[in-house]
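Trainee: A structural model of the following input is requested.
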Amino acid sequence: MEELDQRSVPAWCLSFSAAMIPFCAFCYGHSRGVTTRVVERVVRSPVGVYGLFALPFLTLAMEKSIYDTVQAWQGLDPNIVPADRGGFPSGGAALPSFSLIPVRKIARKLTQAQLAEEQQQQE
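Mentor: Numbers count the residues shown, from 1 in each chain. Below is the predicted model of the structure:
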């Protein structure tokens, strides 16, 4: 997890924004009656009431897409399980990535001691 300490933008701020912006948009839309219109439109569609069963899967896919995209933006591969994590909710690495962007490559800043240690390991 030491690579997390090298980031210039605080990870919690990006993750918090990635979670709160869609949530606030959902709450605003719900207050404006969007939820009722979506349910009515799904029920009146050709799939009928059975289309309501797809809504939880669609919303979870949208949430995973946002989470994976933010992780990729921060330079973290959403398909890799960190050694110090596991179980719910970090089991998303077992699923395919829904990231909208590729994982950003972040150059590590090494101190002189770390650089010397890596050179010794390579020899």
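Trainee: drop to CA atoms for contacts and neighbour counts, all remaining ones
Mentor: Fine.
Trainee: which residues of this structure score low on pLDDT?
Mentor: The chain contains residues with pLDDT under 70 at 1-11, 84-91, 107-111.
Trainee: mind redoing it with 80?
Mentor: Applying pLDDT under 80 to the chain picks out residues 1-16, 18-19, 74-76, 80-95, 104-119, 122-123.
Trainee: which residues in it form helices?
Mentor: Here the chain has its helices, by DSSP state H, at 11-31, 34-44, 55-73, 112-122.
Trainee: for the first one, packing partners?
Mentor: Yep, that's helix 11-31 we're talking about. Other helices and strands packing on helix 11-31, by 3 or more C-alpha pairs under 8 Å, 6 or more residues apart in numbering; DSSP states H and E, are helix 55-73.
Trainee: flag every buried residue along the helix it packs on.
Mentor: Across helix 55-73, burial judged by 16 or more other C-alpha atoms under 10 Å covers E63, K64, S65, I66, Y67, D68, T69, V70, Q71, A72, W73.
Trainee: between those, which sits nearest V103?
Mentor: V103 lies nearest to A72 out of the buried residues of helix 55-73, by C-alpha to C-alpha, at 4.1 Å.
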